[in-house]
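Enquirer: I would like to see how this sequence folds:
(2 chains, ligands or ions: 1)
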Amino acid sequence: MRHTISVLVENEFGVLSRISGLFSGRGFNIESLSVAPTLDPTTSRMTIVTSGDDQVIEQITKQLHKLIDTIKVIDFTGEDYVEREMALIKVSAEDSSRAEALRIADIFRAKIVDVTPRSYTIEATGSPQKIDALIEILRPIGIKELVRSGPVVVGRGAKGWRSAE
Amino acid sequence: MKKTGSQILLECLVQEGVETIFGYPGGTVINIYNDLIDYPIHHILTRHEQAAVHAADGYARATGRVGVALATSGPGATNTITGIANAYMDSIPMVVITGQVPTALIGNDAFQEVDIIGITRPVTKHSYLVRDIHDLPRIIKQAFYIARTGRPGPVLVDLPKDVQIATAKFEYPDKVEIRGYKPNSQGNPRQIEKAVKMILAAKRPVIYVGGGVTLSDTSQELLGFAELIKAPVTTTLMAMASFPKKHPLSLGMLGMHGTYYANMAVMESDLLIAIGARFDDRVTGKLSTFAPHAKIIHVDIDPTSIKKNVRVDLPIVGDLRDVLQKLIAELKLTPHEVKTLADDLAPWREQIANWRQTQPMSYTSSTTEIKPQFVIETLRKVTDDDAIITTEVGQHQMWTAQFFDFSQPRTFLTSGGLGTMGFGLPSALGAQAAWPQRQVIDVSGDGSFQMNSQELATLVQYRLPVKIVILNNNFLGMVRQWQQLFFDQRYSQTCMELPIDFVKLAEAYGATGLSTSDPAEVEAVLRKGLETPGPVIMEFKVSREENVIPMVPAGKGLNEMVLAS
Ligand SMILES: Cc1ncc(C[n+]2csc(CCOP(=O)(O)OP(=O)(O)O)c2C)c(N)n1
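Expert: From the prediction side, this is the model:
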């Protein structure tokens, strides 16, 4: 089963390699990983999408906790949360497909961020499912290049979590 | 007054109460070595950095204190890796300090530069690259704290040369504050209550003890717990000396080379109480058939150990001292029920006694050749109760575990998780440095001994009177045994074609060498060796194709033991 896990870490030298090394060394799978500093510049927040049965996921969260540089770990699966991903998609936009590409981008509330006579670059954000759907629809037109950020997540509701908690 | 980074490092070590360190100099630690002369820290110069780390490891195992090793960058640092991995697998508290090229050169493939932090990341509990001298005291304080608390382990501190030369005011922090590291030491009282209910309902309980009991010095608490409920106790290799082998409740070791009765008891038990153990594959055998009737209570300081390999019915995370004390206190609340339980377990204890009677630990003795097991039994007879025994890895290690009746904790130092040939001699060196007055004996095979035999020089130089018992079968015996049993006796590269004259080898280093192939002389040679001052090699030319049994073949269940060779 797919799990989205947020990890708050010390913004220390080498922390990314500790986390990625943990996954590779123990044969855990990483579907995506995104990381950037938080409001508190001494910490970074990672969002990791992984998959495995309950026992594997339990090991993953425990092993993440065990790292000295890890401050907090939350598995959002089963929680109420907002998940967003960004994609930059370069599609061919020749005579016949130009209007079609625009129309699709519009339906998905995506923006055209770069234009050439033969291509559009589309910027889309949304749930990973929405991005998947957009890609499927654009595929027949001809995708030249695709970059996805991997999702970031935040819990729903008024409460926020920060490093101090 | 300002101090240099290397002085600050040494100040920190003094503050941590470090008396002895093990190391080897080189270009990127030359400043530290220069300042070392002025500090009250005893340094032992081993002949290889791997040995320095194993010595620090042996020192830590024998004392419970944090072992410290020091090595230069590049090849010095890479030589420490096996030692670090060994300590990591057995959760030994240790701080390893490596020199590093100046910060400005890091990443340039400078002379003797390696990314030792990167290389050792999977085998350290944590590591630090010190980039600013002002961080140094905090980092050293944290390194020692992390190494010895929670589930202990090795911490590496990589110290670039320019940081050693820089100057700053020295101030040692008195508190450690690491927001991501708060080891949980208190066992949850509700889980303890549940455990007591499960224990009181058990008919065939087995207490399965691992290295955690040794590391947390809780063998007294364990004894109290076991005697209270009168349940049998089996130990892993790492807990061997933490429960007296001669105790009526002791089943000895379980697992691949465990006793028949320990393995049978585990397979038939209805409640397995795992204490500071981690269900290693050498212990469980085939997982799907392991302890099929048992509910499992698992007590461990490290949450990742729980449910890693086996299903667990009741996890208790916490420091073993706290959990065992609470368990005992909780049980004592209902003395009548506990007494009934202890009495009701009589048939179970009898069943185990029967297993023990039908398949005791034994070997066929001989008057013509020396049986290795006989050497171990005789060694027990002639050594002090508090003698520290280290081993290398192989058949001799298993025979020591099987036939030496350990009675005191921290008297059996052996490489469990990594199984490192070459561990025994340097770890004996470290143990002897910690306990100059006690008998320290490395039980070795002829193969393993040659992996770190250069440390004879260190022993002689520092007058460390370690005694070495070599069970010489002229084979890499344990591998040969597997080849005999599972590969049609095709002895590929396990015969040591060149016989070594171990007596001359000892003498070359200024040590004493004794040798015999006569069973009638075994005791006399052991006694003479132990009485002789200074390091002594005692070589016993043993029956060459003796096997370690019982043996659970890899991938088989614990009840599928091979009982005769
Ligand atoms: C560093 C290392 N290399 C290889 C092995 C694999 N190995 C395990 S036991 C063994 C044979 C050990 O031979 P010896 O030290 O003579 O002891 P014996 O088994 O004969 O008692 C070997 C090669 C190991 N454990 N460690």
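
Enquirer: which ones are touching whichever residue of the stretch 151-300 of chain B sits closest to the ligand?
Expert: The nearest approach of the stretch 151-300 of chain B to the ligand comes at residue B:257, 11.7 Å away (CB to the nearest ligand atom). For every residue, glycine as well, the C-beta is placed using N, CA and C. Applying CB atoms under 8 Å, 6 or more residues apart in numbering or on different chains, one finds that residue B:257 lies in contact with B:398, B:401-402, B:548-552.

Enquirer: same check, this time on residue B:43
Expert: For residue B:43, the contact set (CB under 8 Å, 6+ apart) comprises B:20-23, B:36, B:70.

Enquirer: isn't there a helix covering it?
Expert: No: with DSSP: H, G, I helix; E, B strand; the rest coil as the criterion, residue B:43 is located in strand rather than a helix.

Enquirer: now, the contacts of residue B:257 that are in helices?
Expert: The helices, defined by DSSP state H, take in B:398, B:401-402 from these.

Enquirer: among the contacts of residue B:43, name the ones in strands.
Expert: B:20-23, B:70 (DSSP state E).

Enquirer: contacts with the ligand among those residues, please.
Expert: Checking the ones in strands among the contacts of residue B:43 against the ligand by CB under 6 Å from any ligand atom, not one of them is in range.

Enquirer: state which strand of chain A is the longest.
Expert: Max-length strand for chain A by DSSP E is strand A:81-92.

Enquirer: one step back: which among the contacts of residue B:257 end up buried?
Expert: For the contacts of residue B:257, a burial check counting by 16 or more other CB atoms under 10 Å in any protein chain shown picks out B:398, B:401-402, B:548-552.

Enquirer: from the residues you listed, which is closest to chain A?
Expert: residue B:552 (24.6 Å; CB to the nearest CB).

Enquirer: take the contacts of residue B:43 and lay them out in TSV including pLDDT.
Expert: Compiled in TSV, these are given as follows (pLDDT from 0 to 100):
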residue	pLDDT
B:20	98
B:21	98
B:22	99
B:23	98
B:36	98
B:70	98
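
Enquirer: JSON lines for the residues you listed, including distance to chain A and neighbour count?
Expert: Listed next are these as JSON lines, based on distance: CB to the nearest CB, whole Å; neighbours: other CB atoms under 10 Å in any protein chain shown:
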{"residue": "B:20", "distance to chain A": "26", "neighbour count": "18"}
{"residue": "B:21", "distance to chain A": "23", "neighbour count": "23"}
{"residue": "B:22", "distance to chain A": "25", "neighbour count": "31"}
{"residue": "B:23", "distance to chain A": "24", "neighbour count": "28"}
{"residue": "B:36", "distance to chain A": "28", "neighbour count": "21"}
{"residue": "B:70", "distance to chain A": "22", "neighbour count": "31"}
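
Enquirer: buried residues in the lowest-mean-pLDDT helix or strand in chain A, which are they?
Expert: One helix or strand of chain A scores below all others by mean pLDDT, DSSP states H and E: helix A:95-107, with a mean of 92. Under the neighbour-count criterion of 16+ other CB under 10 Å, helix A:95-107 has A:97-98, A:101, A:104-105 buried.

Enquirer: repeat for stretch B:222-239
Expert: B:222-226, B:228-239.

Enquirer: just confirm residue B:257 is within a helix.
Expert: No: counting by three-state DSSP, residue B:257 is not part of a helix but coil.

Enquirer: let me know the pLDDT of it.
Expert: For residue B:257, the model assigns a pLDDT of 97.

Enquirer: cool, and the one 3 residues further on?
Expert: Model confidence at residue B:260, given as pLDDT, is 97.

Enquirer: apart from its chain neighbours, what residue comes closest to it?
Expert: Leaving aside its sequence neighbours, residue B:260 sits nearest to residue B:359 (CB to CB, 6 or more residues apart in numbering or on different chains; 3.7 Å).

Enquirer: what lies in contact with stretch A:68-81?
Expert: Identification of contacts with stretch A:68-81 by CB under 8 Å, 6+ apart yields A:1-10, A:12, A:15, A:18, A:43, A:57, A:61, A:64-65, A:83, A:153-157, A:161, A:163, A:165, B:125-126, B:146, B:178-181.

Enquirer: report the buried residues of that stretch.
Expert: So, applying 16+ other CB under 10 Å, buried residues of stretch A:68-81: A:68-76.

Enquirer: what residues are up against residue 156?
Expert: No chain specified, so I'll use chain A. Applying CB under 8 Å, 6+ apart, the residues near residue A:156 are A:80-82.

Enquirer: oops, wrong one, chain B.
Expert: Contacts of residue B:156 (CB under 8 Å, 6+ apart): B:84, B:95-98, B:116-117, B:120, B:124, B:126-128.

Enquirer: alongside chain B, which residues does chain A contribute?
Expert: Applying CB under 8 Å from any CB of the partner chain, one finds that chain A approaches chain B through A:9-10, A:13-14, A:17-18, A:21, A:25, A:55, A:58-59, A:62-63, A:65-71, A:163.

Enquirer: good, wrapping up.
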